[in-house]
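[1] test case, fold it:
(3 chains)
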Amino acid sequence: MPEPILTVTNLVKQFPVRTGLFGQKTFKTAVDDVSFSINAGKTLALVGESGSGKSTVGLMLLGLLETTSGSVVFDGKPVANLNQSDSMVLRRKMQVVFQDPYASLNARFTVGQTLTEGMRIHGLHETEAGRLRAAGTLLTQVGLPENALDRYPHEFSGGQRQRIAIARALSVEPSFIVLDEPTSALDVSVQSQVLNLLRKLQREKNLTYLFVTHDLDVVKYLADEVCVMEMGKIVEQGDVDQIFEVPKKEYTQKLLSAIPSLDPASRRLGAF
Amino acid sequence: MSDVLLSVENLKTYFRTSRGIVKAVDGVSFTVEKGKTRALVGESGCGKSMTALSILQLVPEPAGYIDGGKIVFEGRDLLDLTWSDMRTVRGKDIGMIFQEPMTSLNPTFTIGSQLSEAMTIHGKDFGTAIERAVELLDLVGIKDARQTLRQYPHELSGGMRQRVMIAIALSNNPKLLIADEPTTALDVTVQAQILRLLKDLQERLGMAVLMITHNLGIVSEIADDVSVMYAGQVVEESATGALFSMPRHPYTQGLFASLPARNPRGQDLETLEGIVPDAAAWPSGCRFAERCKKKFDACSVPAPVVEGVRCHLMVSGGTGGVENGEWGVGNQPPNSPLTTPHSPDAPEAIDA
Amino acid sequence: MGNPLLPLQLWLDDHPVLQNWLYNLVPVLVIVLLALALRQGLKQPIWAEAARRIRRRPAALWAIGIIGFYGLIAFSDSIGLYDAKKQERVSLLDAISRREKERYYSAPLATMTTGEAFPKPLKEKHILGTDGKGDDVLYQTLKGARTAFIIGGLTSLLTIPVGIILGLLSGFYSGTKYKWIDDLITYIYTVISSIPSILLQIAFVMVLGKGIFQICIALGMARWVGLCRQVRGETLRHREREYVRGARALGVSTWGILTRHILPNLLPTVIIFTTLGISGLILSEAILSYLGVGVGDGVGSWGNMINASRDELAREPILWWNLASASTAMLGIVLAFNLLGDALRDAIDPRLRS
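    Numbers count the residues shown, from 1 in each chain, chains lettered A, B, ... in the order given. So this is what the prediction gives:
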């Protein structure tokens, strides 16, 4: 039995909402008692529609959003209540790739600056020259030419930017990456390139992915395990084959039946 | 063919930019038949949305302009119409819905006033317009229609807003509905509802639909005919069933092969390497050649259109499933592309 | 409370030659720094692209030309030599364009005084005539340029750091654990902006006294609010962008996020605000001087000229030429800064770009 690299237990996130004339505080529960774990080197897909809280879970795991309650254990250490040096190591080990390739890179940084920033903060590689060399290697790994180091994000297409964002995540040698809809903004032909890249990197570096998405076709192709979320709760979780072949919960079935068929002879939605 | 409602012939929509003339739509031809659905499918930047906007002459001016071609709707060329005649066509004969239902509705007016406005513009009095508005909201599946009329756009969910947009587009019984990525901003379950609604409405009202999308699943679900666009041109056009069972253009083949749903787990996806060429400088030869796995010598000149496919392989009898003309429109010999009825623009010399 | 730099000034007054060279150094330094900043900025492709867009707009080029012309006048009025005999500093502009005081007023290009029962020949030629006291109008108008630039530049220099720092903090901490920072800053600027700015400025001049430096502080007190508000909004927008989240995931500190990531992305907003703001500052100075709470007598300023011409408009014949000269000079520079600001906005405002 392999040890899970990440265990999430009873995670809750409430956002305060002020209502009424005098701003009475009420709470909106975005994530409601979510628990799951991921084994090293595997991909867990967090599937749901907008407002299901799937992205909020990702942000909380990364420490980008405070949790209301619940615990996250990464690599045997609880993510909350860490002293400064421990949390820096954790930060390094957990990275993120976002959906929008146009918003996810700082337009005023060259690719080289983007890739070396994290290395410098975490003291990876001895010299600036060494860091730039490492950044160059990263670029080749994600399928971009090394001379891209001196260029700015606006000189790249959406798919290329997403490769740069992946390289940035990899720059601090993480073992776990949250992929927040990394291919939703990309065209089909570019999506397949990026998915292949993610698979290749997972194999080579034994990465663990939390794949946050609404695209069930991609989940079926890429994920090992699936958590289906609806309105902040996990309604069903399990092995990818089990979820797609024998979905138990009504909501999962509804989601699956809503995917457009790719065979015009067996249309799903046309049937009344 | 008397049942052709809209026929776009050799449409060219260009943009003046600082980088020169961008030929966003460069010789596009297709037809929409009465009561049928035609899908224009392609990736971002292929010109599909600009084609849709060109039909209603809503191309962003002054940078954009229609350089040539014909848009024949019910026997009239829309490009010859006066500005005020064109206004009648918009909204009355042809309705349009857009991708983003939030920004397509004015946030400061109620649903009722926006719905009735669409009708009073085209000559209905206010009372009838409101009655009709209730009818329309019922039609698009909004349960509490009278209540909804009093609401503002932000009080509705994305799916509800898109239903309202459809109701507005339908308010004057258009013969053609142009839907530009109508479900891209919506969740899958809501997308399914909207697609089902469109299909249902089409059957009940007998209108034709021009569906602009990048999603092959949507094409498969609701289209009768498909035109696949790449780099400002239609590269393949055929019936939906034929396209999905056997795509003929290398681009379409590559597109299908790269779908995760069509690939087994644990194997790399098929990919189309490279990126779409720069619209300000399309390649002088076949525009897909650079990314094409079946590229050969002939590809350095513009490809002819044979049986609805813009590819040199169709001429020289390559591997693209060309031999049998069973989905083709006519049965011309492969070496006479000039006579293909669906391609009036076929062997045009493309200016570099 | 007087001029805070008074002790230094008194000491320098005892060493006039040294004082003169110190004064000469300032405008040269300003120009060198501006040129360096421009050169450095144009190395970045984003700014180089903006420069290309501006170069394509004739109105913007005209505006730059006009600002350059005024700048040249202001510069020539800022460098000079100490005249030991007269015991005063003579600027380059003084040397070129100072005219002797006449006994009475005269119309533009006139050779005799105007309006006297027995016109007397003038000592010198006055292209724009002389005012009621017999002072050359052209010389006074030219002297106003330096004041305008100092008011515009110094006030901006005072407001930019305040506006940026407070705006950044306020935007960054809005809605977080430290939201009291945002609440406090927002409270302060809401209070300030609810006081009519002209009253606020007059109040400050009353306390600080007249003078260029004091005017700059008074104007700045009201101006930082607008910048702060804009910077806060932009910071809020950028804070939620994914590149900032990505940087936080990398472990970048709050300081690093604010200075390296968000701040450079605010520069367009700040530059546009400043350029468009300068014309407002020049007009405000004129209004304050007109109300008699301005830069003070003895300092050449268009506001002072307009104030002085107030009484003279009642004369017969009307002395319109000094009012017209001051107004036209002001119109030119205000228009130029507005045109340049609009062109800059079109060229670099991120919100106008898709």
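[2] so which residues of the stretch 1-150 of chain C form helices?
    Under the criterion DSSP state H, counting those that start in this stretch, the stretch 1-150 of chain C contains helices at C:6-13, C:16-42, C:45-55, C:58-76, C:92-97, C:137-173.
[3] I should have written chain A there, sorry.
    Taking DSSP state H as the test, the helices found in chain A are A:54-61, A:84-93, A:111-121, A:128-141, A:158-170, A:188-205, A:216-222, A:240-245, A:250-258.
[4] and the residue in the stretch 151-300 of chain B positioned nearest to chain C, helix, strand or coil?
    Of the residues in the stretch 151-300 of chain B, the one nearest chain C is B:Ala279, at a distance of 15.0 Å by CB to the nearest CB. C-betas here are computed from N, CA, C, even on glycine. Three-state call for B:Ala279 (DSSP: H, G, I helix; E, B strand; the rest coil): coil.
[5] circling back: pick the most buried one from the helices of the stretch 1-150 of chain C.
    Among the helices of the stretch 1-150 of chain C, ranked by average contacts under mean count of other CB atoms under 10 Å in any protein chain shown, first place goes to helix C:137-173 (a mean of 22).
[6] pull out the buried residues from the very next helix or strand once past that helix.
    In the C-terminal direction, the helix or strand that comes right after helix C:137-173 (DSSP states H and E) is helix C:179-193. Residues of helix C:179-193 classed as buried: C:181-182, C:185-186, C:189 (neighbour count, 16 or more other CB atoms under 10 Å in any protein chain shown).
[7] identify the residue spatially nearest to the residue nearest the centre of chain C, adjacent ones excluded.
    With distances taken as CA atoms, centre = their mean, chain C has C:Gly152 as the residue nearest its mean C-alpha position (0.8 Å). Nearest-residue entry for C:Gly152: C:Ile278, 3.8 Å, with adjacent residues in sequence omitted and distances by CB to CB, 6 or more residues apart in numbering or on different chains.
[8] tell me the contacts of that neighbour?
    Applying CB atoms under 8 Å, 6 or more residues apart in numbering or on different chains, we find C:Ile278 in contact with C:152-153, C:156, C:337.
[9] can I get those residues in JSON lines with pLDDT?
    What follows is those, written out as JSON lines (pLDDT from 0 to 100):
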{"residue": "C:Gly152", "pLDDT": "93"}
{"residue": "C:Gly153", "pLDDT": "92"}
{"residue": "C:Ser156", "pLDDT": "94"}
{"residue": "C:Phe337", "pLDDT": "95"}
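[10] closest to chain B out of these?
    Taking CB to the nearest CB as the measure, chain B lies nearest C:Phe337 of the contacts of C:Ile278, at 26.1 Å.
[11] helix or strand for that closest one, which one?
    helix C:321-348.
[12] contact residues of the stretch 101-250 of chain A facing chain C?
    Remark: the part of the stretch 101-250 of chain A in contact with chain C comprises A:103-108, A:117-118, A:121-122, A:152, A:154-155, A:165, A:168-169, A:171-172, using CB under 8 Å from any CB of the partner chain.
[13] apply 7 Å and report the result again.
    By the criterion of CB under 7 Å from any CB of the partner chain, the positions of the stretch 101-250 of chain A lying close to chain C are A:103-108, A:117-118, A:121-122, A:152, A:165, A:168, A:172.
[14] give me the buried subset of those residues.
    For those, a neighbour count by 16+ other CB under 10 Å gives the buried set as A:103-108, A:117-118, A:121-122, A:152, A:165, A:168, A:172.
[15] would you mind giving the residues you listed as TSV with pLDDT added?
    What follows is those, written out as TSV (pLDDT from 0 to 100):
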residue	pLDDT
A:Ala103	88
A:Ser104	89
A:Leu105	92
A:Asn106	91
A:Ala107	87
A:Arg108	86
A:Glu117	93
A:Gly118	92
A:Ile121	90
A:His122	91
A:Tyr152	89
A:Ala165	95
A:Arg168	95
A:Val172	93
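[16] tell me, how many residues neighbour the closest residue to A:Arg18 other than its chain neighbours?
    The shortest distance from A:Arg18 to any residue that is not its chain neighbour, by CB to CB, 6+ apart, is 6.2 Å, and that residue is A:Lys25. For A:Lys25, the neighbour count with other CB atoms under 10 Å in any protein chain shown is 9.
[17] any idea how far the residue of the stretch 1-150 of chain B found nearest chain C is from chain A?
    Nearest residue of the stretch 1-150 of chain B to chain C, counting by CB to the nearest CB: B:Ser18, 8.1 Å away. B:Ser18 sits at a distance of 15 Å from chain A (criterion: CB to the nearest CB, to the nearest Å).
[18] residues touching that residue, list them.
    Taking CB atoms under 7 Å, 6 or more residues apart in numbering or on different chains, we find B:Ser18 in contact with no residue.
[19] state the pLDDT value of it.
    In this prediction, B:Ser18 carries a pLDDT score of 79.
[20] do the same with C:Lys179
    According to the model's per-residue confidence, C:Lys179 sits at a pLDDT of 88.
[21] state the pLDDT value of the spatially most central residue of chain A.
    Centroid-nearest residue in chain A: A:Leu179, 2.0 Å away (criterion: CA atoms, centre = their mean). A:Leu179 carries a pLDDT value of 95.
[22] just B:Leu139 next, same as before
    According to the model's per-residue confidence, B:Leu139 sits at a pLDDT of 86.
[23] next, count neighbours for it.
    The number of residues packed around B:Leu139, counting by other CB under 10 Å, is 19.
[24] isn't B:Tyr14 up against B:Pro62?
    No: using CB atoms under 7 Å, B:Tyr14 is not in contact with B:Pro62; the gap is 11.9 Å.
[25] please say which of those two ends up with more neighbours.
    B:Tyr14 (20 against 8).
[26] so which strand or helix has the closest residue to that one other than its chain neighbours?
    In this structure, B:Tyr14 finds its nearest non-sequential neighbour in B:Asp67, 4.8 Å apart by CB to CB, 6+ apart. Using DSSP H and E, B:Asp67 sits within strand B:64-73.
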